[in-house]
Structure formats: structure tokens, C-alpha cells
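Participant: let's see this in three dimensions:
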Amino acid sequence: MPVTEHPLLVELTLRAGARAHEITSACPCGAAVLADRPDATVVRHAGTVAKAHAPDTDPAGLAPRLALAAGLPGILLPPLTPTATPLHGRLVTFWPYGTAVDPEDPDTAPWEAAGILLARLHRTPAPATLPGMRGPAKAAHAVARLRAAGPHPAVAPVLSAWRALPAWARAEAPMPHTATLCHGDLHLGQLVRHPAPDGPWLLIDVDDLGVGVPAWDLARPAAWFACGLLPPEEWSRFLAAYRAEGGPAVPRDGDPWDALDVPARALTVQTTARAVTKSVAQGRSLDEVEQCLVDACARMGFVPPQLAADSAK
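Facilitator: Now for the predicted structure:
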């Protein structure tokens, strides 16, 4: 994606280039925009990535998250500098470039690596200064945007599934477990190889990192599996790797769904809410995958959630 003339992108590109040249003068100059969304603008210059975080990012919350990433090499990609700098009303951080998962080649998806890294993260003692994991708050934000998007036939089943969840999963009450270090937004897009292109896999994106219910980090692939969007073999690879590494979110053996049911439902609602909101904004019908998610929310209304997750591991 070429760099546009948006002031934030222009300045972010300049800063990424300057940071890259501090690291090495042997720089194959050229910048690329990796993401340009309301919640994140990301620019790459050679081996350096500059990220402008969401405008409402709390500096006091981001600081301990960056410090933790700097202190957990082998699990989290460490930042090039452990502090953020302001730019056009946004906080900017700098990172080494890593090779992302190829979305066009699902057979090479690193499900085992994701499970292992997640288990190691969950087993790491959480610093006392770390804030709460932001997963439930992001789900609540997605639902709030859906409510504001306007009328749509899918809104009713999505909101019905949402209201059936316990208050903590809707970010309306404290999480029942706040001692485990969690990623907060785990999916395959949060893994990169570093050093690029074929170094070990590491987790990225610390914006939602914090303490909370560890099953939340398994919830997105669990939800995809439950909705028929993730093949059973891939779900099994991920879950088996997590369990073999001693991950605490689910029992080591037997049925994991007592722990996973509520978070998986919440992530299904979040994903569906985002999909419906996007379709309304674009004035189009739901595609096949989006309709599958809506159907899953409708089914949830007939089966109450397993509230055993309230006493998560």
C-alpha cells in the first residue's frame, strides 16, 4: 500500500525511516503502509515498523505493556524502544519487522506455535502494575457500534446472544479471574517470525495485554471451530499444543468447554457485530461467512451459556 499525503502517515513514515537508519546505514530505503485503521496506523521502513496507536490509548496503560514486551523475549516481540512518543495526538511505538502469517496459505498456519506461545504467556507471572486485559471491553465496543449502525435483521439475534452472557464478559462487571497474564486479542494475525523471514514465531500487539481470564485468549479459534469456520484438525492442533505446554486456561484432559463456552460466545458476538456493522456501512448483504456467524448467534439464544467459566482456571 503506498504512503498517502495524510499528515499522520507522512510523519510516521519519516520517523520510521529515521529510526531504521539509526540501526543500519545499509538500508534499502522505501516505506510501505501495513495498516491504516482508526485503531492503528502501521508503517514499515526496511526492518523498522512504526505504529501509531488508537487515539484513545491511555499512556499509563501502554507503558507497562511495552515494558512487559521488552522483558519477555521469546514470547512477545520486543519493541525497539520501551517508551511511546506523541505524534498528531497519537502515541507512536517502534518495532522490528517480522514476517506475518500468510493468509493465502492456511496449510502453513502456525497453530502449534500459537498454542505454545499462549501457554508460556499465561504461565508467566504478571507484573503488579499491569492493567486488566481489554478483551471484554473490545467486545462491548463492537456491540455498541452495532447498536448505532442502524436497523438490520441480524441485530436482534446478535444482541440476544450478547444479553445472555454474564456481566463480566460484557465488561459490565470485574472479571472473575485477574491473576493470569493474557494477550487479550489472540488470532493468527498476532504472530510474526523474527528475525524475518524465518525466525521463531513471536506474539505481537500489546494494546490489549493485561491480567484476566486466560480462556479469553483461546476463545477466537474456539468460536471459529464451533461455528464451523475452523477445521477440527486445526483446532485440535492448537488446543493440544496449548495443553502440552501446561496452559492453565483449560483442564489438561477432557472437555475444555466449561472454561471456553462463555468467552467463545463473547468472541462470536464481537466478530458478528463487527461484520454486520461493516455490511451496513457498505450497504451490502451479508456474505456466506457473515451469515454463518449470525446463525451461530441465533442458535446461542436457545442454549444458555455454561457459566462455569465464571470461576475460570
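Participant: now the strands for the stretch 101-250 of the chain?
Facilitator: Here the stretch 101-250 of the chain has its strands, by DSSP state E, counting those that start in this stretch, at 180-182, 191-193, 201-203, 210-212.
Participant: who are the packing partners of the third one?
Facilitator: In this structure, strand 201-203 makes packing contacts with helix 111-123, strand 191-193, judged by 3 or more Cβ pairs under 8 Å, 6 or more residues apart in numbering; DSSP states H and E. Glycine gets a C-beta too; all of them are placed from N, C-alpha and C.
Participant: show me what it is in contact with.
Facilitator: 74-77, 98, 110, 113-114, 117-118, 121, 183, 186, 190-194 (Cβ atoms under 8 Å, 6 or more residues apart in numbering).
Participant: dump the helices and strands packed on strand 201-203 into TSV; add distance to Arg19, mean pLDDT and mean neighbour count as well.
Facilitator: Output for the helices and strands packed on strand 201-203, formatted as TSV (distance: least, Cβ to Cβ, whole Å; pLDDT from 0 to 100; neighbours: other Cβ atoms under 10 Å):
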stretch	distance to Arg19	mean pLDDT	mean neighbour count
helix 111-123	26	98	21
strand 191-193	18	98	21
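Participant: nearest to Arg37, out of those?
Facilitator: Among the helices and strands packed on strand 201-203, strand 191-193 comes nearest to Arg37, with 17.8 Å by Cβ to Cβ.
Participant: strand partners (parallel or antiparallel) of the closest one?
Facilitator: Paired with strand 191-193 in the same sheet, following DSSP bridges, are strand 99-100 (antiparallel), strand 201-203 (antiparallel).
Participant: and these, which is most packed in?
Facilitator: Across the strands paired with strand 191-193, averaging neighbours per residue (mean count of other Cβ atoms under 10 Å) puts strand 201-203 on top, at a mean of 21.
Participant: quick one: that one to chain centroid distance?
Facilitator: Once both centres are worked out by Cα atoms, centre = their mean, to the nearest Å, strand 201-203 turns out to sit 13 Å from its chain's centre.
Participant: just stretch 48-59 next, same as before
Facilitator: Between the centre of stretch 48-59 and the centre of its chain there are 15 Å (Cα atoms, centre = their mean).
Participant: what's the answer for stretch 202-209, then?
Facilitator: 7 Å.
Participant: what sits against the residue positioned nearest the centre of the chain?
Facilitator: Centroid check for the chain by Cα atoms, centre = their mean gives Asp185 as the closest residue, at 2.3 Å. The contact partners of Asp185, by Cβ under 8 Å, 6+ apart, come to 134-135, 138, 205, 207-208.
Participant: check what pLDDT Thr4 gets.
Facilitator: Thr4 is assigned 51 on the pLDDT scale.
Participant: contact partners of stretch 53-72?
Facilitator: Residues external to stretch 53-72 that are found in contact with it (Cβ under 8 Å, 6+ apart): 38-40, 76-79, 82-84, 89-93, 121, 124, 127, 129-131, 181, 206-207, 209-210.
Participant: export the strands of the stretch 101-250 of the chain as CSV, with columns for distance to Ala142.
Facilitator: Listed next are these as CSV, based on distance: least, Cβ to Cβ, whole Å:
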stretch, distance to Ala142
strand 180-182, 18
strand 191-193, 22
strand 201-203, 22
strand 210-212, 17
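Participant: of the contacts of Asp185, which belong to helices?
Facilitator: 135, 138 (DSSP state H).
Participant: by neighbours, which of the contacts of Asp185 wins?
Facilitator: Most neighbours among the contacts of Asp185, by other Cβ atoms under 10 Å: Gly135, with 28 neighbours.
Participant: list the contacts for that residue?
Facilitator: So Gly135 contacts 182, 184-185, 208, 212, 216-217, 219, 263, 266 (Cβ under 8 Å, 6+ apart).
Participant: distance check, it against Glu112.
Facilitator: Remark: distance between Gly135 and Glu112 (Cβ to Cβ, to the nearest Å) = 23 Å.
Participant: any weak-confidence spans in the stretch 1-150 of the chain?
Facilitator: Per-residue confidence for the stretch 1-150 of the chain (pLDDT under 70) gives these ranges: 1-5, 21, 23-30.
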